[in-house]
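Trainee: Requesting a structural model of the entry that follows:
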Amino acid sequence: TVEWVEAPLPSAAAKAKAGWLLLANDDALATAVQEALQAGGKQPVVVRPGAAFGKDGDGYTLRPDSIEDHEALFAALGAVPERIVHCGALRGGAAAADLFDAGFALVRGIQAADPKTMPRLVFVARGSAPVDGQPVQQPAAAALFGLVAVAPRELPGLEAVLVDVGADDAVADAAARVLDEALANGTPTGRVAWRAGRRFQPRRTRTPVAAPAGLPKRLREHGSYVVTGGNGGIGRALCEYLLTRAKAKVAVLSRSARHDAALVALAQRSGGDVRFVAADVADREALAKALADVRGAFGAIHGVFHAAGTIDDAPIASKTREQAHAVLAPKATGAANLAALLPEGQLDVFAVFSSSSVTIAPAGQSDYIAANSALEAIAHSRRDGLVLAWGVWRDLGMAERAYGTGSSHAANGGHPLLGARSDDPAG
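Mentor: Just a heads-up that it's a prediction; the model follows:
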């Protein structure tokens, strides 16, 4: 279980004559950060969104998602400032992929500049963390944690933190807390939330869970459930559970709607029902039609289990935006679409399948951690939300498919570590 606990800001020695870069917008908090810096005698380089890179008075404009524009910015500055505050996530209504793109372009720009001294990078969000039991208000901003967690592993010396302020906090107070975090050189990076002058950080705790005597309280016998990504791995194991234990009606939703004769046979034996429905969860229009078809077949939808996802590990330096979007789409965009089409109050449970990668933060998984972080935040924005953060299953799931460690590979003639052998006719 993840709990947000109070964590006072550690003392840190401030760097003398450090330069500041503020990626701002029209949000009042971004303006307050700029005014606070100037009141303290600092003159930040202010960069605002624009149609192209260029000079804008004493500052600059650039396209937030353009790697080339960020490279041009640092070339024009002649150096990477020691402290960078990024306020792009404060603009309302932005999708997780758009916010990730802006952060990704900035990190790539820093990487290309190859500064002798890496900066401290602060991303600012509002209401993206479930602190004190309060629901998340801006889940998309949580996607930035993928970069915060992974970029320091891939760029030695870089410090990064995602600072979340409360929606009801006074703007001047929130700006002061953001600058406190920007000045905290050498402190652990990660996620921080400020609420009414109190500082919180997430901590994982062991929570004993007793196996229920019957069905878990959020499930109902003969209930109707949608399982995305249910054609294989953990999602399929869940379908088997729902059919066997709940005698449920299960709609297995995937892009292929591949027929699974074994699941059909299991449904017939258990007294449940299973249907295979074609839709891309990242396509809201197609998903809406699919959910309408499920309601037509089952009469209702009592819960959703969002297990769709993919993984494509690569370092930030070589990852393309298209690769990242392919990872973000099924998890983050899919969850956002499901949440919009099945609003709170319609379901008994809105469950999302996340990953222990959010905690472990392996290098190469900036997009995967971003997708899971946004996914978790969407669940935390709802009273019916439930986050299931899986570790690696030896014989099931994406890790087994990606690395060929499970029994399915061995059964198909694959090596348990190396995977299936493929011979090239050309040698």
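
Trainee: Residue 40 versus the residue lying closest to residue 235 once chain neighbours are set aside, what's the distance?
Mentor: Among residues not flanking residue 235 along the chain, residue 307 sits closest, at 3.5 Å (C-beta to C-beta, 6 or more residues apart in numbering). For the C-beta atoms, the positions are set from N, CA and C on the backbone; glycine is no exception. According to C-beta to C-beta, to the nearest Å, residue 307 stands 49 Å off from residue 40.

Trainee: Mind checking which of these two has more residues around it?
Mentor: residue 307 (28 against 8; other C-beta atoms under 10 Å).

Trainee: show me the contacts for that one.
Mentor: 227-230, 233-235, 238, 353 (C-beta atoms under 8 Å, 6 or more residues apart in numbering).

Trainee: 7 Å instead, please
Mentor: Contact analysis of residue 307 by C-beta atoms under 7 Å, 6 or more residues apart in numbering lists 227-230, 234-235, 238, 353.

Trainee: among those residues, which two are most distant?
Mentor: Spatially, the most separated pair among the contacts of residue 307 is 228 and 234, at 11.6 Å (C-beta to C-beta).

Trainee: Neighbour count: these two, which is higher?
Mentor: residue 228 (29 against 20).

Trainee: got the contact list for the more buried one?
Mentor: Neighbours of residue 228 in contact, by C-beta under 7 Å, 6+ apart: 253, 281, 306-308, 334.

Trainee: out of the residues you listed, which is most surrounded?
Mentor: In the contacts of residue 228, the most neighbours by other C-beta under 10 Å go to residue 253, 32 neighbours.

Trainee: Now do the strands in the stretch 101-250 of the chain.
Mentor: 120-126, 159-165, 190-195, 198-204, 224-228, 249-254 (DSSP state E, counting those that start in this stretch).

Trainee: helices and strands around the last one, which ones?
Mentor: Contact partners of strand 249-254 among helices and strands, from 3 or more C-beta pairs under 7 Å, 6 or more residues apart in numbering; DSSP states H and E: strand 224-228, helix 233-245, strand 273-278, helix 284-298.

Trainee: Each with direction, which strands does that strand pair with?
Mentor: Paired strands of strand 249-254, with direction, are strand 224-228 (parallel), strand 273-278 (parallel) (DSSP bridges).

Trainee: Mind listing residues that contact that strand?
Mentor: Contacts of strand 249-254 (C-beta under 7 Å, 6+ apart): 224-231, 239, 242-243, 272-277, 279, 290, 294, 298.

Trainee: That strand: what's the following helix or strand?
Mentor: Following strand 249-254 in sequence order, the next helix or strand is helix 261-270 (DSSP states H and E).

Trainee: longest helix of the chain?
Mentor: helix 96-113 (DSSP state H).

Trainee: Pull that helix out as CSV, backbone CA atoms only.
Mentor: Below are the C-alpha coordinates for helix 96-113, written out as CSV (Å, rounded to 0.1, in the frame of the first residue of the first chain):
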residue,chain,number,x,y,z
ALA,A,96,-0.8,12.5,-20.2
ALA,A,97,1.0,12.0,-23.5
ASP,A,98,1.2,15.7,-24.2
LEU,A,99,2.7,16.4,-20.8
PHE,A,100,5.1,13.5,-21.2
ASP,A,101,6.1,14.9,-24.6
ALA,A,102,7.0,18.3,-23.1
GLY,A,103,9.1,16.8,-20.3
PHE,A,104,10.7,14.4,-22.7
ALA,A,105,11.7,17.2,-25.1
LEU,A,106,13.3,19.1,-22.2
VAL,A,107,15.3,16.1,-20.9
ARG,A,108,16.5,15.3,-24.4
GLY,A,109,17.5,19.0,-24.8
ILE,A,110,19.5,18.8,-21.6
GLN,A,111,21.1,15.5,-22.7
ALA,A,112,22.1,17.0,-26.1
ALA,A,113,23.7,20.0,-24.4
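
Trainee: My understanding was that residue 64 contacts residue 50; is that so?
Mentor: No. Applying C-beta atoms under 7 Å as the test, residue 64 and residue 50 come out as separate, 9.0 Å apart.

Trainee: neighbour count winner among those two?
Mentor: residue 64 (23 against 14).

Trainee: three-state assignment of that one?
Mentor: coil (DSSP: H, G, I helix; E, B strand; the rest coil).

Trainee: Not counting sequence-adjacent ones, nearest residue to it?
Mentor: residue 102 (4.0 Å).

Trainee: Let me know how buried that neighbour is, in neighbour terms.
Mentor: 24.

Trainee: is it true that it touches residue 89?
Mentor: No. Counting by C-beta under 7 Å, residue 89 is not a contact partner of residue 102; they are 8.1 Å apart.

Trainee: contacting residues around residue 173?
Mentor: Contacts of residue 173 by C-beta under 7 Å, 6+ apart are residue 197.

Trainee: and it, how far is that from residue 315?
Mentor: Counting by C-beta to C-beta, the gap from residue 173 to residue 315 is 38 Å.

Trainee: phi, psi of residue 353?
Mentor: phi -100, psi 110 (degrees, to the nearest 10).

Trainee: that older thread, in a markdown table, list the strands of the stretch 101-250 of the chain along with mean pLDDT and distance to residue 106.
Mentor: Formatted as a markdown table, the strands of the stretch 101-250 of the chain follow (pLDDT from 0 to 100; distance: least, C-beta to C-beta, whole Å):
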| stretch | mean pLDDT | distance to residue 106 |
| --- | --- | --- |
| strand 120-126 | 97 | 8 |
| strand 159-165 | 97 | 10 |
| strand 190-195 | 96 | 18 |
| strand 198-204 | 93 | 23 |
| strand 224-228 | 98 | 32 |
| strand 249-254 | 97 | 35 |
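
Trainee: I'd like those strands as JSON lines, with distance to residue 319 appended.
Mentor: Shown next, in JSON lines, are the strands of the stretch 101-250 of the chain (distance: least, C-beta to C-beta, whole Å):
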{"stretch": "strand 120-126", "distance to residue 319": "18"}
{"stretch": "strand 159-165", "distance to residue 319": "17"}
{"stretch": "strand 190-195", "distance to residue 319": "21"}
{"stretch": "strand 198-204", "distance to residue 319": "25"}
{"stretch": "strand 224-228", "distance to residue 319": "25"}
{"stretch": "strand 249-254", "distance to residue 319": "25"}
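
Trainee: my read: residue 87 touches residue 23, true?
Mentor: Yes. With contacts counted by C-beta under 7 Å, residue 87 reaches residue 23, the gap being 6.1 Å.
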